[in-house]
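Q: Quick one, structure for this:
(chains A, B, C and D)
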Amino acid sequence: MVGWTAFGPELYTCFVLGGVFLVFSLLPANPRRDYVTAMALAAVGLGISIAGLHLTGDLFADTYHVDLFSQIFKIMLALGLLLAIYLCEHLRGIAPRRHAETYLLLTVCTLAMMMMVSAVNLLTLYVALELSSYSLYVLVSFRQPRTGGVRTAVRYFLIGASASAVMLFGLALLYGSCGTLDAATLMTLLPAAMGRPEVITGLTLTLGGIFFKLALFPFHFWAPDVYEGAANPVAAYIATASKVAAIAVLIRLVALGGQNVLLARALAVIAVITMTAGNLTAIVQQDLKRMLAYSSIAQGGYVLIGILSMTPAGYASTTFYALVVLLLKFSCFFVLVKVAAGGRNVAIDDLAGLHSSSPILALLLMMALFALAGIPPTIGFTGKLLLFTAAVQRGYFVLVLIAMFNVVISLYYYLRVIHAAYLRKPPRALPALNLALRDRLLAGVLVTFTVAAGIFPAPLIALAEAAVRVLG
Amino acid sequence: MPIAYAGFPFLSAILLSCVIGLVTILFMPAAQHRRIKMVSAVCSGITLVISIYLFLAYDKSAGGLQFAERIAWVPSLGISYFNAADGFSLPMLLLTGIVFFTAVLTMWELETRVKEFFALVFLLVAGVFGLFMAQDLFFLFVWFDVSLFPMYLLIAVWGSTRKEYAAMKLTLYLLAGSALILPGIIYLVVKSGLSTFDMLALMQPGTFTPFQQKLAFLLFFIGFGILAGVWPLHTWSPVGHVAAPTAVSMIHAGVLMKIGAFGILRVGIYLCPLGWQYWAPLMALLATVGIVYGVFVGLAQTDLKYVIGYSSVSHMGIVGLGLSTLTIDGLNGAVFQMFAHGVMTALFFSSVGYIYDRTHTKAIAELGGLSHSMPRAASFMILAALAGIGVPCLASFWAELMVFIAAFKVYPLYGTLAVCALVVSALFMLRVVQRTCYGPPRSRYAQLPDVSFKLGIPRIILATVIITFGFFPSLMYTMIQTASLPLMGGLPW
Amino acid sequence: MTIYALLFYLLAAVILVSTAIAVTRRNLVHAAIFLVASFFASALLFYLLGAPLLAMLEIIVYVGAIMVLFLFVIMMLKEKPASNRPAARGRKLWTATLGLIYLLAVILLVFATGPRGQTPLTPAVASPAAFGRYLFQGHWLGIEIASLLLLIALIGVLHLGHTAARRTAAGIEEEK
Amino acid sequence: MINWIAGFIVLLIKSGLVLGILLLLASYLVWVERKLLARLQVRLGPNRAGKFGLLQPIADAIKLLTKEDIVPAAADRPIFLLAPAVVALTALLMFAVVPVGRDLVLFGRSIPMVISDINVALLMVFALSSLGVYGVALGGWASNSKFALIGGIRGAAQMVSYELPLGLSLVPVVMLAHSFSLVDIVNAQAAYPFILVQPLAFAIFVISAMAESKRIPFDLPEAENELGAGFHTEYSGMRFGLFFLGEYVHVQVLGALVSVFFLGGWRGPWLPGPAWLFVKITIVALIMIWVRGTLPRLRYDQLMAMCWKVLVPAALVNIVITGFVILI
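A: Sure thing, here's the model as predicted:
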């Protein structure tokens, strides 16, 4: 059956990955076995997702749409899962007997996100969103010491629950005024109906649930606490794959409304507040993960700029930027996990002397941060250029100016990190970090890719443009 | 504008030479200082040789863009790798080659983190070269940022006085500049409706409305102006000069600040001539204030490097004044001044750097009588100071002369003020020279070695260049003329 | 006003009032009971709108299961006498502002949309079979996802419960 | 309009009849239980009031009604007063959907022999039975006494847990009958009662139903050896009577439900419908009394383990098998 082939990556993730770890979680704990299996299976999963790039089809009574757009995001998600699992090698923040469950939850979360990017019925989308959120709540609560993890998870859950309540209310309004939650039908109905207040309120509130995932104002408060309170690989996963999925959904939802000025204005306001608040607060952070969290918030603001252009170019640039966020945030967390002794959190000052203890990590960190700040010739710059070009094409020149000044602010705290890594003397001489060859290799690949994709972005851009063409 | 495509990609060869140097150094063991320096010298030498060759090989009678090379890069966005050189960029390329080569030689004695130092310098210079030859806005901006970022580490790691503060301030200031330039570029590209970053295509008259030109020019003027040290956005510059290690100061003051002025010229003036015309009075005002301010603040300084730093502000003011006159003479003078000031200031910093390395002080009050203990070092410094004053038969004399002639025609008041300020600057430069090089010899400096032959090479090269172009200004003048005449002739007013 | 409209507004009023009482009670059990009343009225509202199945499910799931568990927990925790200290003023202000904004928005929405929504919801008596067919044919992916969601929630609850059990055990040992 | 009024009158009559019979039966069920238990324990049981003690229920009622109604000082008064009513009310209301016989034709008008035939009747039974929890839990809590509270908590946990197998065991029945309506379910058993095809579901249902009714061996909420009288320790007079009444009405309702779901309801040869139903209810009730007299009380963890580890999985397996068979 053709239909089931199109569902291949999800089926694999669900039954093979999920099934194996469901079984493992019932067996006695064996972290090594779990890690190796997870790596192998996730790598195969990535392969399957890549193989499924050109699948298309409508499944499940047209609530599920497989197209190039969704498949590209699924590849990114599979990659995010693989990378997040890669970081779990020692996984000291989580008790050994929870490791299998950790992989299970990561897998289920990825599965949920894959469904999010393909779901074209808003109800399915909502349930998938909830599934991914709940997996993350539980993952966050696994962090040791238990009390800390649980407290963070509860806080995360409370904000998440209110965001999803807001989203549900929005969905109710949309359904009430349009009589359907099917994306294709909404696409024909909404542009004409966008003048009606209940419709625009409904769409905005619906977006609220995504704002939570992407940590945009006013649902951004959770990010720093959760990043800080979650185990490092989990935080990495939240910062990478989770964002990618949220971006995909946001694109799909906003694309529903056609080109609506009112909505664009609302998004513009949110973008400005989000990035300014994120960047300004990041300056005073001492904990690296908190800083990364605020920087993620700010990145969310930039993402919004691309989306609110509401043009194919804007969506394409956002798609491109999703990859940028995925790779760069992962690079930062990769360094963080390797530096963090015993799986604890890392203060910016702890990076002192990184330059001498591990030059390759220091280089990776610097490249990632410069790229996040949008310095050429990195992939981050290309991403920002695309975003801003799309926005200026629609006349949001002032917004771009504000965003650029935010970039300058962000550079200040990125430089603080680089300063710590390259210039600060450690309080006592640090032993050289013994990185495995594969770690060094990965770091090298990441650095190379960051620069190379910045210099030769054409194929990636072409892919992103092809992806959004199917949005219609 | 006529374009002559190159048979051999000389311009890319310059960049490639930098990249090869960078990569080679990155893969060399950090302990092999001497080899790293050798590689640096060879690669920078190649860039110098190519840039000299290009300067001589440029067909002045044909004019226009020559040695062009072009590859489509991201076709969907209209980005192409497009390099070419004209009468404005060739002097800059030559300048960069000279300063780069001499800076590498000047740092021959460096011992700390040698590998990273030269790697970063190569990265920086690659950006500078790239910017001077880029004809595509995208690449121009990329090179612009590439040339800025190594500065942070270069100053923060190898610098001296308040280095971390200076590095952070410099980086943030310059990045704030690029925060204006990038939106400006995007704005122009989008508004042109051509969806191309190709400057030649965007340059066509009538592409932009007057309002668009005014807005974009303002963005470029401020954005690049920060880097060019335009008053009141110059404050990063003296601090940065002082904190930076010698070679970086040389590159920084000698080349990097020129990027700013060159950016205003290449992007602002070429693409937004109406904006240039509109904002010229403001440019003139700021430039004059900069000249006067630089001189008087320089008077009050007690630190040798601060003196040069503020004199740089003043000299870059002259460039700005030249650009703001909207005349051929002004343009010629401005570009000539960029070249002359680059070489002169590089010499100045390298001699001061030598003195600092030996005496471990930059305070004017603590120095004195150096001409007794190290006569060669003192003479390089005196030559640089004289060039800075604008003594005839040295390169900067001609540059300043042309600018002032043009300024007197267009802005008599500003011109007068600037000339008066220059007279004052002559006084204070001479005072500095007198305090440091003459006077009673200090016993504690008596035993210090003079500039050795090896360390003297870069300084001799710089001095030679200053004197050569002082005696034969037409070498430079005719070159610049090939670009400034068509520019002024093709303008819409 | 038809009798249905009358009943509708009556039930709506009951829901509003009982929910309002529920959120203002300091006694948690009382709050829970008023919430139960609110659910009850919602169920009746469903019934009124022609969805008896939903009405029953609302009672079984919300009243019969969820609220009982709430009550169970409240009773187990032996609810401490609520302190009479008023909440921090900042928090009060914040909450009040949000509430006011919401209220204003809703009022605006009500007046802006007019008495009837543009898409008339045709009242239909949905038989359980029809409802089931609609749900499981049109939305079965969503249901599968929801079942996964429950699995995940179960893992989370087990984890949390385990934590609590361990802590109590440790506490008892410490006391010894 | 006439139609409507007539229907309303018929409804009132039906409700009144059912209510009266139920209450009467409840009181005599108490008598039967006391007599039967006594016999099982080789005693006589009540035998002073009237012949064979037949007037004992009336004496008890008078006693309860005239006793002082004590509300403990520390009790939560409104809830304390409300709780017994909830128990009795939910038990009584469940009977509203139980069909007692074939449609009656009176004056050319067909009168269904059920108070209310709604298409989600089965769910309504569950809804009401889940509401019954509140009576127990709140009664226990509102008394503000340790024993009552423990009883209430036990009751809540037990009833919520056993609702699950109770509901799951009925899924096959619904699958077979294609309807939630009890009338339809009874009609579906015209050929044969479901007990023949669903013996496992029957067993699960009966066990869970007994647990729902909190009777021995599942009477932990009121285990007198440990808790005094559990959740109704503090109740006296008619409020206690309401709990008491609720329990016995519940027994009858369960008997009715067992017969409706598995024993063919009012269907049966020779006798009229209501009589068959009465017989079946009586048999179930007698069995429950018999069990009470025979089995010891479970431990609490055994109670829970049986629910979650035995009954629920068994019921799920049963559903799967039934579905499989139906599909084939």
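
Q: Torsion angles phi and psi at the residue of chain A found nearest chain D?
A: For chain A and chain D, the shortest gap (C-beta to the nearest C-beta) falls at residue A:26, measuring 15.8 Å. C-beta: built from backbone N, CA, C; applies to glycine. Dihedral angles of residue A:26 (phi, psi; degrees, to the nearest 10) stand at phi -90, psi -20.

Q: count of residues packed around residue A:403?
A: By other C-beta atoms under 10 Å in any protein chain shown, the residues close to residue A:403 number 27.

Q: before we move on, what about residue D:224?
A: 11.

Q: pLDDT wise, what is residue A:323 at?
A: At residue A:323, the model reports a pLDDT of 91.

Q: Mind pulling up the pLDDT for the residue of chain A closest to chain D?
A: So, for residue A:26, pLDDT stands at 83.

Q: Helices of chain C, start to end?
A: Here chain C has its helices, by DSSP state H, at C:3-24, C:28-48, C:52-57, C:67-77, C:89-113, C:128-138, C:140-175.

Q: Whether the third one contacts chain D - can you check?
A: Right, the one you point to is helix C:52-57. Yes - using C-beta under 8 Å from any C-beta of the partner chain, helix C:52-57 comes into contact with chain D via C:52, C:53, C:55, C:56, C:57.

Q: which one of these sits closest to residue B:108?
A: Nearest to residue B:108 among these is residue C:57, at 84.3 Å by C-beta to C-beta.

Q: In contact with that closest one, which residues?
A: By C-beta atoms under 8 Å, 6 or more residues apart in numbering or on different chains, the contact set of residue C:57 is residue D:123.

Q: just for the stretch 151-300 of chain B, where's the confidence low?
A: Scanning the stretch 151-300 of chain B for pLDDT under 70 picks out nothing.

Q: Let me see the ranges of the strands in it.
A: Assigned by DSSP state E, counting those that start in this stretch, the stretch 151-300 of chain B shows no strands.

Q: And the residue of chain A closest to chain D, how close does it get to residue D:273?
A: Look at residue A:26 and residue D:273: by C-beta to C-beta, to the nearest Å, they are 52 Å apart.

Q: Not counting sequence-adjacent ones, nearest residue to the residue of the stretch 251-400 of chain B at minimum distance from chain D?
A: In the stretch 251-400 of chain B, the residue that lies nearest chain D is residue B:267 (73.0 Å; C-beta to the nearest C-beta). Excluding its sequence neighbours, the residue lying closest to residue B:267 (C-beta to C-beta, 6 or more residues apart in numbering or on different chains) is residue B:220, at 5.2 Å.

Q: Could you report the neighbour count for the one you found?
A: For residue B:220, the count of nearby residues is 28 (other C-beta under 10 Å).

Q: ditto for residue A:329
A: Residue A:329 - counted by other C-beta under 10 Å - has 26 other residues nearby.

Q: you'd agree it is up against residue A:242?
A: No - judged on C-beta atoms under 8 Å, residue A:329 makes no contact with residue A:242 at a distance of 10.2 Å.

Q: who touches the residue of the stretch 251-400 of chain B closest to chain D in this structure?
A: B:137, B:140, B:181, B:184, B:185, B:199, B:220, B:224.

Q: And residue D:144, by the same measure?
A: D:72, D:74, D:75, D:76, D:234.

Q: Can I get the buried part of those residues as one ChimeraX selection?
A: To isolate the buried ones among the contacts of residue D:144 in ChimeraX, judged by 16 or more other C-beta atoms under 10 Å in any protein chain shown, type:
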select /D:72,75,76,234
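
Q: quick check, nearest of the contacts of residue D:144 to residue B:432?
A: Among these, and counting by C-beta to C-beta, the member closest to residue B:432 is residue D:76, at 92.4 Å.

Q: which residues does the spatially closest residue to that closest one that is not a sequence neighbour contact?
A: Nearest residue to residue D:76, sequence neighbours excluded (C-beta to C-beta, 6+ apart): residue D:142, at 4.2 Å. Counting by C-beta under 8 Å, 6+ apart, residue D:142 touches D:75, D:76, D:77, D:79, D:80, D:83.

Q: Try it again at 7 Å.
A: Contacts for residue D:142 were tallied using C-beta atoms under 7 Å, 6 or more residues apart in numbering or on different chains; they are D:75, D:76, D:79, D:80, D:83.

Q: Can you give me the pLDDT of the first one?
A: Reported pLDDT at residue D:75 in the predicted model: 82.

Q: That one: what's it in contact with?
A: D:142, D:143, D:144, D:234.

Q: switch the cut-off to 10 Å
A: D:81, D:139, D:141, D:142, D:143, D:144, D:145, D:148, D:234, D:235 (C-beta atoms under 10 Å, 6 or more residues apart in numbering or on different chains).

Q: Kindly reformat the residues you listed as a markdown table and extend each row with secondary structure and pLDDT.
A: Putting the contacts of residue D:75 into a markdown table (DSSP: H, G, I helix; E, B strand; the rest coil; pLDDT from 0 to 100) gives the following:
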| residue | secondary structure | pLDDT |
| --- | --- | --- |
| D:81 | helix | 86 |
| D:139 | helix | 84 |
| D:141 | helix | 85 |
| D:142 | helix | 85 |
| D:143 | coil | 83 |
| D:144 | coil | 81 |
| D:145 | coil | 83 |
| D:148 | helix | 85 |
| D:234 | coil | 81 |
| D:235 | coil | 83 |
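
Q: Counting neighbours, which of those residues end up buried?
A: D:139, D:141, D:142, D:143, D:145, D:148, D:234, D:235.

Q: thinking again about what came up before, out of the helices of chain C, which one sits most buried?
A: Neighbour counts (mean count of other C-beta atoms under 10 Å in any protein chain shown) averaged over each of the helices of chain C peak at helix C:52-57, with a mean of 22.

Q: Against the centre of chain B, work out the most remote residue.
A: In terms of distance from the mean C-alpha position of chain B, residue B:443 ranks first, at 37.7 Å (C-alpha atoms, centre = their mean).

Q: Now do the same contact list for that one.
A: With C-beta under 10 Å, 6+ apart, residue B:443 has these contacts: B:369, B:373.

Q: rewinding a little: of residue A:26 and residue D:273, who's got more company?
A: Legend: neighbour count by other C-beta under 10 Å for residue A:26 and residue D:273, higher for residue D:273 (19 against 8).

Q: Look up the residues forming beta bridges with the closest residue to the more buried one other than its chain neighbours.
A: Nearest in space to residue D:273, with sequence neighbours left out and distances taken as C-beta to C-beta, 6+ apart, is residue D:101 at 2.8 Å. In this entry, residue D:101 is beta-bridged to residue D:113, by DSSP bridges.

Q: which secondary structure elements does the helix or strand residue A:21 falls within contact?
A: Using DSSP states H and E, residue A:21 sits in helix A:19-24. Judged by 3 or more C-beta pairs under 10 Å, 6 or more residues apart in numbering or on different chains; DSSP states H and E, the packing partners of helix A:19-24 are helix A:31-51, helix A:99-118.

Q: Which positions in that helix come out as buried?
A: Quick answer for helix A:19-24 (16+ other C-beta under 10 Å): A:20, A:21, A:22, A:24.
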